[in-house]
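>>> need the 3D shape of this:
(one chain, ligands or ions: 1)
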Amino acid sequence: MDDSNTILEVSHISKTFRSKNIFGRTTSEVSAVNDVSFRLQKQRTFGIVGESGCGKSTLARLVLRLIEADGGRVMYQGHNLLALGGEELRKLRRDIQMVFQDPFSSLNPSMTLLDNVAFPLWVNGTSKQDGRIAAHRYLEAVGIPRSSAERYPQSLSGGQRQRVAIARALVLEPKIVIADEAVSALDKSIQAQALNLFHELQQDFRLSMIFISHDLHVVELMSDTVMVMYLGMVVEVASVEDVYAQPYHPYTQALFKSTPSMDVTHKKLDGFKLSGELPSPLNPPSGCRFRTRCPMAMETCAEHMPELIEVGDGHTVACHLYGEADVARRAI
Ligand SMILES: Nc1ncnc2c1ncn2[C@@H]1O[C@H](COP(=O)(O)OP(=O)(O)OP(=O)(O)O)[C@@H](O)[C@H]1O
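You can find the predicted model right below:
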């Protein structure tokens, strides 16, 4: 992989949420993100997919320092964001903006659309007037007409509100946008429009994106590279073409099999449908966390956590089914 094309590098990042009782004793621990590493390439989209609760949102929040990691590094422009503070962190973090699933959480209902979009600029010292001029530009870029600028968020449809939330994220001219289930709450037809908008904006503003979704179709449409997560762990990373043509990990295969329309387009796939509940992250299975739902599980799966190994060009999988010998055989 070409390092000069990497805009953001996340290395060995982990987060365990701990609940404490009134005496300060830890009563429960949720291992939400466990030793996750990945690289985001310039002007590309890195998709993150997995069932609800697998740690996708926590990972995004760790990258942005909305919550503090237990360890690891997030390298951006030669700095580890996790080790920075104060003005330096504030300046670099401006380059990374997030779009959330529920635009209500990021829009202020007592402000007009224009002021909602201008607000991040005002906070960063731009004058009222200049902020509003810029906000008009970004509202137009996301397809909200000038005539709607003085309306309030609650008078808009879900799709329009999400457009405003996107304008609000873009107004600070970020280099990276993290979209966390940003289209999940929208109807299918509106969802397609929002995905097109993301594509257009990515070109126009030369954005690099991390696109998080539980929806395999959305991730396929948006991503260049895909990372599949299960219970806080990375199980597979590959180009979108490779992972959708031949997923290796039993969990990835099962995700495809369990998504009806995917099963139609990927009929030849091996694998089984997902059954059983996601185990509690309070007490994850030893070794491979997927082993309790995996019909191919072997003794070693309970004893050793599999490491990510390369099974193809830039295609890595964390599964004991694929040992070194197997990879070598495939290469012949
Ligand atoms: N602040 C918190 N305190 C305790 N546990 C948390 C907290 N935030 C998340 N978790 C737990 O961490 C795990 C990962 O949650 P996370 O929201 O990151 O998953 P997700 O894949 O984004 O799922 P979803 O799409 O449903 O949000 C879950 O078990 C969740 O309950």
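
>>> do I have it right that residue 35 meets residue 15?
No - counting by CB atoms under 8 Å, residue 35 does not reach residue 15; the two are 10.4 Å apart. For the C-beta atoms, the positions are set from N, CA and C on the backbone; glycine is no exception.

>>> how about the strands in the stretch 101-250 of the chain?
With strands called from DSSP state E, counting those that start in this stretch, the stretch 101-250 of the chain shows them at 176-180, 208-213, 225-230, 233-239.

>>> the longest one pairs with which strands, parallel or anti?
Sheet pairing for strand 233-239, assigned by DSSP bridges, gives strand 225-230 (antiparallel), strand 315-317 (antiparallel).

>>> looking at the ones you listed, which one is packed in the most?
Ranked by mean neighbour count, these are led by strand 225-230 with a mean of 24 (mean count of other CB atoms under 10 Å).

>>> who does the residue sitting nearest the centre point of the chain bridge with?
Central residue of the chain (CA atoms, centre = their mean): residue 212, 3.1 Å from the mean position. With DSSP bridges as the criterion, residue 212 is bridged to residue 48, residue 180.

>>> who's in contact with it?
Counting by CB atoms under 8 Å, 6 or more residues apart in numbering, residue 212 touches 47-49, 56-57, 60, 178-181.

>>> apply 6 Å and report the result again.
Contact analysis of residue 212 by CB atoms under 6 Å, 6 or more residues apart in numbering lists 48, 56, 180.

>>> ditto for residue 239
residue 225.

>>> one more time with 7 Å
224-225, 314 (CB atoms under 7 Å, 6 or more residues apart in numbering).

>>> what does residue 147 give?
Contacts of residue 147 by CB under 7 Å, 6+ apart: none found.

>>> that one and the ligand, how far apart?
Counting by CB to the nearest ligand atom, to the nearest Å, the separation of residue 147 from the ligand is 36 Å.

>>> then residue 227?
Distance, residue 227 to the ligand, by CB to the nearest ligand atom: 12 Å.

>>> what does residue 117 give?
Using CB to the nearest ligand atom, residue 117 is found at 26 Å from the ligand.

>>> please name the nearest non-neighbouring residue to that residue.
residue 135 (3.8 Å; CB to CB, 6 or more residues apart in numbering).

>>> surely the one you found touches residue 168?
No - assessed by CB atoms under 7 Å, residue 135 is found out of contact with residue 168, at 8.4 Å.

>>> list residues touching both of these two?
residue 117.

>>> follow-up on the earlier one: got TSV for the strands of the stretch 101-250 of the chain, with distance to residue 301 too?
Formatted as TSV, the strands of the stretch 101-250 of the chain follow (distance: least, CB to CB, whole Å):
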stretch	distance to residue 301
strand 176-180	31
strand 208-213	27
strand 225-230	13
strand 233-239	12
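
>>> would a markdown table of the ones you listed with mean pLDDT be doable?
Shown next, in a markdown table, are the strands of the stretch 101-250 of the chain (pLDDT from 0 to 100):
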| stretch | mean pLDDT |
| --- | --- |
| strand 176-180 | 96 |
| strand 208-213 | 96 |
| strand 225-230 | 97 |
| strand 233-239 | 97 |
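
>>> tell me the buried residues in the lengthiest helix in the chain?
Using DSSP state H, we find that the single longest helix of the chain is helix 188-205. Neighbour-count burial for helix 188-205 flags 190-191, 193-195, 197-198, 201-202 (criterion: 16 or more other CB atoms under 10 Å).

>>> contacts only, for the nearest residue to residue 71 once chain neighbours are set aside.
Of all residues not flanking residue 71 in the chain, residue 14 sits nearest, at 5.5 Å (CB to CB, 6+ apart). Contact analysis of residue 14 by CB under 7 Å, 6+ apart lists 33-35, 69-72.

>>> can you give me the pLDDT of residue 14?
pLDDT, residue 14: 96.

>>> for the one 4 residues further on, same thing?
For residue 18, the pLDDT comes out at 85.

>>> now it: how far from the ligand?
8 Å.

>>> who's that residue bridged to?
residue 29.

>>> one step back: for the residue nearest to residue 71, helix, strand, or coil?
With DSSP: H, G, I helix; E, B strand; the rest coil as the basis, residue 14 sits in strand.

>>> what does residue 277 give?
coil.

>>> per-residue confidence for it?
For residue 277, pLDDT reads 79.

>>> picking up where we left off before, show me what contacts the residue nearest to residue 117?
Residue 135 touches 114, 117-118, 171, counting by CB under 7 Å, 6+ apart.

>>> now those in a markdown table, with neighbour count and pLDDT?
Shown next, in a markdown table, are the contacts of residue 135 (neighbours: other CB atoms under 10 Å; pLDDT from 0 to 100):
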| residue | neighbour count | pLDDT |
| --- | --- | --- |
| 114 | 22 | 96 |
| 117 | 30 | 96 |
| 118 | 28 | 97 |
| 171 | 24 | 94 |
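
>>> how close does the residue lying closest to residue 176 once chain neighbours are set aside get to the ligand?
Nearest-residue entry for residue 176: residue 96, 4.5 Å, with adjacent residues in sequence omitted and distances by CB to CB, 6+ apart. According to CB to the nearest ligand atom, residue 96 and the ligand sit 18 Å apart.

>>> same check on residue 213?
9 Å.

>>> tell me the contacts of the nearest residue in space to that residue that is not next to it in sequence?
Excluding its sequence neighbours, the residue lying closest to residue 213 (CB to CB, 6+ apart) is residue 219, at 5.2 Å. The contact partners of residue 219, by CB under 7 Å, 6+ apart, come to 47, 49, 211, 213, 226.
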